[in-house]
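> this is a predicted model, with the sequence first.
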Amino acid sequence: MSKHGRILVAMSGGVDSSVTALMLHEEGYEVIGVTMKTWDYADASGGKRITGCCDLDSINDARNMAVSRGFHHMIIDIREEFGESIIGNFTSEYLAGRTPNPCVLCNTFIKWEALLKRADMMGCELIATGHYAQVRSEQLPDSAEARWVVSRGLDPAKDQSYVLWGLEQKNLARTRFPIGGFRKSEIRQMAMDSGFPELANKSESYEICFIPDNDYRGFLKRKEPEATAQLAHGKLVSTTGEALGEHDGYPFFTIGQRKGLGIATGEPLYVTDIRPETNTVVLGRKEDLDRTIMYVRKPNFQKIPVLKGEMEAVTKIRYKDKGTPSTLSMDGEHVLVEFHAPVAGIAPGQSAVFYDGDDVIGGGFIDRRTN
């Protein structure tokens, strides 16, 4: 009989999730490791050699580590759900002129649901992942209700709280992030001390898991050949409407992009707007990227039940963004974000995440931005 009961641990084969499993095993949990097969990796990059999260080598690494420590490991096939929800959304968002964030969608709608479903089947009350984040239960003032709150991981260079804003209370209540209170260097040392030097020295993958060659344009062309071919010879225009040239299709651009514009000018130009209805990409100067107002759709709040009135927060518009002080309020079903200083490169489709100090208040998908 285990000391703490059963816990299901998501294992990608990397050092973070492996050390997560090791820590919980040593604490006395009965660990059941699970690796999710999300994609046909042999076809993911048009025949090129690939490595990355949850490829065949990583799956084998996860299994071998589990076997060596004597706990169960299984592989679950979620390719169908992943393809319909994540791949489908990825292509449709680009074709709509937006920049998607598949990792957020995967965490929110695929991985957690798949993990909790298997946890119930295996008699596991809790699940754990190797995210650099922390979660706690906090009592609301003047209320008997408690909220589960996600906060930043201890290591600022590895913090992954940004991609977790979509998790609902019922899921957070059953989730643990064991490595969130450690730095990456400490996690690598733990792997080394536990007898897994190959894990300690394993390189990290920063690419989207189904685009391990990091060529999303090639992926779109393979997935949507007719749609992307029809968008060739689109218009490149200036912010004043002056014709600057042609492009191969607006899905191959994102707000704030500077390189790969296909034209030569005497000054740096950036993508400031994408207009799918006319297959037009607007280019402007760096200052033309600045916005002070943003609308966010499909919000999910974690630290608070609902947003009432106005609330001060630091808002991040992308994963590596440092965040900008802002005022939040509801405008119908959208969150209206009024930045206290201009913010550059707000890209519709990306996630906006609201912070109170280190705590995630909530987040949503950027819908549009205005001056």
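On my side now, so go ahead.
> next, count neighbours for Y295.
Applying other Cβ atoms under 10 Å, we find 20 residues neighbouring Y295. Yep, even glycine has a C-beta here, placed from its N, CA and C like the rest.
> how about the nearest residue to Y270 once chain neighbours are set aside, secondary structure?
Once flanking residues are discounted, Y270 sits nearest to R258: 5.2 Å by Cβ to Cβ, 6 or more residues apart in numbering. Judged by DSSP: H, G, I helix; E, B strand; the rest coil, the three-state class of R258 is coil.
> give me the pLDDT for S205.
For S205, the model assigns a pLDDT of 69.
> circling back to that earlier point, didn't the residue nearest to Y270 look like it was pressed against E267?
No: contact criterion Cβ atoms under 8 Å: R258 and E267 do not qualify, at 11.2 Å.
> where do the strands sit along the stretch 101-250 of the chain?
Secondary structure of the stretch 101-250 of the chain (DSSP state E, counting those that start in this stretch): strands at 126-128, 133-139, 146-152, 175-176, 234-238, 243-247.
> low-confidence ranges in the chain?
For the chain, the stretches with pLDDT under 70 are 1-2, 40-55, 205-207, 371.
> ok now stretch 188-200, how far from the chain's centre?
Averaged C-alpha coordinates place stretch 188-200 at 26 Å from its chain's average position (Cα atoms, centre = their mean, to the nearest Å).
> other residues contacting that stretch?
G14, V15, S18, V19, L22, M23, D61, M65, F182, N201 (Cβ atoms under 8 Å, 6 or more residues apart in numbering).
> thinking again about what came up before, export the strands of the stretch 101-250 of the chain as TSV, with columns for mean neighbour count and distance to V337.
Converted to TSV, the strands of the stretch 101-250 of the chain look like this (neighbours: other Cβ atoms under 10 Å; distance: least, Cβ to Cβ, whole Å):
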stretch	mean neighbour count	distance to V337
strand 126-128	22	32
strand 133-139	16	22
strand 146-152	20	19
strand 175-176	19	27
strand 234-238	19	28
strand 243-247	16	30
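> need those strands in TSV (columns: distance to S92).
Supplementary listing: these in TSV, determined by distance: least, Cβ to Cβ, whole Å:
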stretch	distance to S92
strand 126-128	29
strand 133-139	28
strand 146-152	28
strand 175-176	29
strand 234-238	18
strand 243-247	20
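> out of those strands, the one nearest M330 is which?
Nearest to M330 among the strands of the stretch 101-250 of the chain is strand 146-152; the distance by Cβ to Cβ comes to 18.5 Å.
> for the closest one, C-alpha coordinates in PDB please.
Taking Å, rounded to 0.1, in the frame of the first residue of the first chain, the C-alpha atoms of strand 146-152 are listed here in PDB:
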ATOM      1  CA  ALA A 146     -12.100  28.600  -1.800                       C
ATOM      2  CA  ARG A 147     -10.300  29.100  -5.200                       C
ATOM      3  CA  TRP A 148      -7.500  27.100  -6.700                       C
ATOM      4  CA  VAL A 149      -4.900  29.600  -7.900                       C
ATOM      5  CA  VAL A 150      -2.100  29.100 -10.400                       C
ATOM      6  CA  SER A 151       1.000  31.200  -9.700                       C
ATOM      7  CA  ARG A 152       4.400  31.600 -11.500                       C
END
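> so F219 makes contact with P212?
No: at 10.1 Å, F219 does not count as touching P212 under the criterion of Cβ under 8 Å.
> for this protein, which segments count as helices?
Ranges of helices in the chain, per DSSP state H, are 15-27, 56-69, 79-82, 88-95, 102-105, 112-122, 169-172, 184-193, 197-200, 216-223, 225-229.
> for the residue lying closest to Y132 once chain neighbours are set aside, phi and psi?
Once flanking residues are discounted, Y132 sits nearest to G153: 3.3 Å by Cβ to Cβ, 6+ apart. When read as degrees, to the nearest 10, the backbone of G153 gives phi -70, psi 160.
> which residues are in contact with stretch 335-344?
Stretch 335-344 is contacted from outside by 256, 286, 289-296, 299, 307, 315, 317, 324-330, 352, 354, 364, using Cβ under 8 Å, 6+ apart.
> ugh, wrong one, stretch 143-153
Against stretch 143-153 from outside (Cβ under 8 Å, 6+ apart): 131-140, 159-161, 164-165, 167, 169, 172-173, 177, 179-181, 302-305, 355, 358-360.
> what is the neighbour count of the closest residue to M311 other than its chain neighbours?
Among residues not flanking M311 along the chain, L328 sits closest, at 4.7 Å (Cβ to Cβ, 6+ apart). Here the number of neighbours of L328 (other Cβ under 10 Å) works out to 21.
> residues in a beta bridge with T280, which ones?
On the basis of DSSP bridges, T280 is bridged to K235, R275.
> list the contacts for it?
G234, K235, L236, V237, Y250, I274.
> and the third one, how far from L95?
From L236 over to L95 the distance is 19 Å, taken as Cβ to Cβ, to the nearest Å.
> and D120, by the same measure?
From D120 over to L95 (counting by Cβ to Cβ), the distance is 36 Å.
> between these two, point out the one with more neighbours.
Set D120 next to L95 and count neighbours by other Cβ under 10 Å: L95 wins out with 17 against 12.
> contacting residues around that one?
L95 touches E224, A227, P251, P276, counting by Cβ under 8 Å, 6+ apart.
> would you confirm that the first one contacts T91?
Yes: when contacts are counted by Cβ under 8 Å, E224 is listed as touching T91 (5.5 Å).
> let me see the domain layout of the chain.
Domain assignment for the chain by automatic domain parsing gives 6-130+178-200, 232-284, 290-370.
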